[in-house]
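In: How does the following fold in three dimensions:
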Amino acid sequence: MEQDHQMTKEDFEATFKKLPESAIFRLPLSLVHGVPLMKPIADQWERVETFQARPDDIFIVTYPKAGTTWIQEIVDSIMNDGDLEKNMRAPTHVRSPFLELFPPPPMPSGVDALNITPSPRLVKTHLPYKLVPISFWEKKCKTIYFARNLKDNAVSCYFFDQMNKSQPDPGTWDEYVEKYLKGEMSWGNWFDHVIGWWNAKDKHDILYIFYEDMKEDPKREMRKVTKFLGKNLSEEVLDKIFHHTTFEAMKENPMANYSTVPNIVFDQTISPFMRKGEVGDWMNYFTESQSKMFDTEYEERMKGTDLKFRTTI
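Out: Down below sits the predicted model:
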């Protein structure tokens, strides 16, 4: 499935070097229906809102740094019936375009990339439920929501925001945890995101799964995804997919580790795109008072919902 919008790393480098720094670095946030999004997304919001889904689209949804690339690779492997050579056809961002991505021209937007992607398309988004283009529900698209616990998600976002030069400057860890808990982040508040999608899961064809469950028993969760996608794969094939999608394998896979994105955008000398992929890493960064602050907010915000997360396994 070669696509004519694919650019080499050299193409990326050459393109970015021609652009003014303001076009790439530390983009400001703008509100879209009350949700903070990076300004290029807000400026082109009508193109996202009016995006036309197809009935066989598979919609992959996460809050940022909740294991997005991992679930993208698992879904692509399952849709290819375990033929892992097909996974190597292009980098993740080409195989599963990012709906609301609007990089500087001449690089294609997510909308443009998707419009020339053959069906069945894998569509990635970080949008909260209330901002999803209505066509996804009109076309009854299968949707997979992958959720990660608050504390590990915050740590992963912090390191990512350091190395991703298009994101607002994260500042110090102490500053970041305050901002994160208030939802002053790209794509908004973690609580709004995970609860909004949880409340929507019975209204549409949505499979809601957890990062911690996938770490605990990958093949069990992969079977859920396989069944949801209407596939019937043997244990041997699932075993192949399991080994292909381990953290260690993906970290070394140039089609999954974002090494094709130049360092002037993703500076992996600061922090690797695929950093640790663990459950409980938050304990290495949270002070006792920060942990208590997050626990207090979690207890308050989760009242009235049966949604539950684990911060250790």
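In: Export stretch 213-221 to PDB, keeping only CA atoms.
Out: Extracted C-alpha coordinates of stretch 213-221, given in PDB (Å, rounded to 0.1, in the frame of the first residue of the first chain):
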ATOM      1  CA  ASP A 213      -4.400  -4.700  30.900                       C
ATOM      2  CA  MET A 214      -2.400  -5.000  27.600                       C
ATOM      3  CA  LYS A 215       0.800  -4.900  29.600                       C
ATOM      4  CA  GLU A 216      -0.500  -7.500  32.000                       C
ATOM      5  CA  ASP A 217      -1.700 -10.000  29.400                       C
ATOM      6  CA  PRO A 218      -1.100  -8.900  25.800                       C
ATOM      7  CA  LYS A 219      -2.500 -11.900  24.100                       C
ATOM      8  CA  ARG A 220      -5.700 -11.800  26.100                       C
ATOM      9  CA  GLU A 221      -6.300  -8.200  25.100                       C
END
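In: who touches that stretch?
Out: For stretch 213-221, contacts defined as Cβ atoms under 8 Å, 6 or more residues apart in numbering pick out 67, 70-71, 146, 209, 222, 238-239, 242, 245-246, 277-279, 313. Where C-beta positions appear, they are placed from N, C-alpha and C, glycine not excepted.
In: Excluding covalently adjacent residues, which one is nearest to the residue minimising distance to the centre of the chain?
Out: The chain has Thr68 as the residue nearest its centroid, 3.5 Å off, counting by Cα atoms, centre = their mean. If the residues on either side of it in the chain are set aside, Thr68 comes closest to Thr62, at 4.4 Å by Cβ to Cβ, 6 or more residues apart in numbering.
In: isn't the one you found right up against His126?
Out: Yes. Taking Cβ atoms under 8 Å as the definition, Thr62 is a contact partner of His126 at 6.3 Å.
In: so what sits against both of the two?
Out: Shared contacts of Thr62 and His126 (Cβ under 8 Å, 6+ apart): Thr68.
In: higher neighbour count, those two?
Out: Remark: of Thr62 and His126, Thr62 carries more neighbours, 26 against 22, as counted by other Cβ atoms under 10 Å.
In: residues contacting that one?
Out: Here Thr62 is in contact with 68, 71, 126, 145-148 (Cβ under 8 Å, 6+ apart).
In: Likewise for Leu233?
Out: Contacts of Leu233 (Cβ under 8 Å, 6+ apart): 78, 81-82, 226, 241.
In: which among these gets closest to Pro104?
Out: Pro104 lies nearest to Ile78 out of the contacts of Leu233, by Cβ to Cβ, at 33.7 Å.
In: Next, the contact list for the closest one, please.
Out: Here Ile78 is in contact with 222, 225-226, 229, 231, 233, 241 (Cβ under 8 Å, 6+ apart).
In: rewinding a little: out of the contacts of Thr62, list just those in helices.
Out: 68, 71 (DSSP state H).
In: Relative to Met185, which of the contacts of Thr62 is nearest.
Out: Closest to Met185, out of all of those and judged by Cβ to Cβ, is His126, at 10.3 Å.
In: Does that closest one touch Phe59 like I think?
Out: No. In this structure, His126 is not within contact of Phe59 by Cβ under 8 Å, at 11.8 Å.
In: Excluding chain neighbours, give the residue nearest to Arg121 in space.
Out: That would be Asp57: by Cβ to Cβ, 6+ apart, it lies 5.0 Å from Arg121.
In: do the same with Gly196
Out: Nearest to Gly196 is Tyr129, by Cβ to Cβ, 6+ apart, at 4.0 Å.
In: How many residues are close by the one you found?
Out: Neighbour number of Tyr129 under other Cβ under 10 Å is 21.
In: what's the distance between it and Thr50?
Out: Counting by Cβ to Cβ, to the nearest Å, the gap from Tyr129 to Thr50 is 18 Å.
In: now swap in Gln72 and tell me
Out: Taken as Cβ to Cβ, the span from Gln72 to Thr50 is 24 Å.
In: Who has more neighbours out of those two?
Out: Gln72 (24 against 11).
In: got the contact list for that one?
Out: Counted by Cβ under 8 Å, 6+ apart, Gln72 has contacts 60, 92, 95-96, 122, 124.
In: Over to Leu238?
Out: 82, 219, 222-223, 226.
In: Now a ChimeraX select for only the buried ones of those residues.
Out: Selection command for ChimeraX covering only the buried members of those, criterion 16 or more other Cβ atoms under 10 Å:
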select :82,222,226
